[in-house]
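[1] mind folding the following:
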Amino acid sequence: MGFNLRGAIMDNIQGSDEEKVEATIQDAIQSNEEKMLPGLGVMFEVYWKNASDQEKQQVIQQISNGLQR
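    Numbering: from 1, shown residues only. All right, here's what the predicted structure looks like:
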């Protein structure tokens, strides 16, 4: 029986309001701890599943531009 990390993260962040989501993202970035990366990945997956094609394209462009620096 394996551990479902995605499910555990979703259980932990489910119901978070905008303030809590922003605080989680800021904390993950400022702490610079790799253990926070799976949570950011799950949050990004939630965003991606709910984003329009235009929003997805904007994110792709922003990330691509950021990687060029």
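[2] for this structure, which spans come out with low pLDDT?
    1 (pLDDT under 70).
[3] state the distance from residue 36 to residue 58.
    Between residue 36 and residue 58 the distance is 24 Å, computed by Cβ to Cβ, to the nearest Å. From N, CA and C alone the C-beta is placed, and that goes for glycine too.
[4] again, but for residue 11
    As judged by Cβ to Cβ, residue 11 and residue 58 stand 30 Å apart.
[5] and stretch 21-39, how far out from the chain's middle?
    9 Å (Cα atoms, centre = their mean, to the nearest Å).
[6] which other residues reach that stretch?
    Identification of contacts with stretch 21-39 by Cβ atoms under 8 Å, 6 or more residues apart in numbering yields 5, 6, 9, 12, 13, 16, 40, 43.
[7] the fifth one reaches residue 42, doesn't it?
    Same thing as residue 13. Yes: using Cβ atoms under 8 Å, residue 13 is in contact with residue 42, at 7.3 Å.
[8] neighbour count: these two, which is higher?
    residue 42 (18 against 15; other Cβ atoms under 10 Å).
[9] got the phi/psi numbers for that one?
    Note on residue 42: its backbone torsions stand at phi -70, psi -40 [degrees, to the nearest 10].
[10] so who does it touch?
    6, 9, 10, 13.
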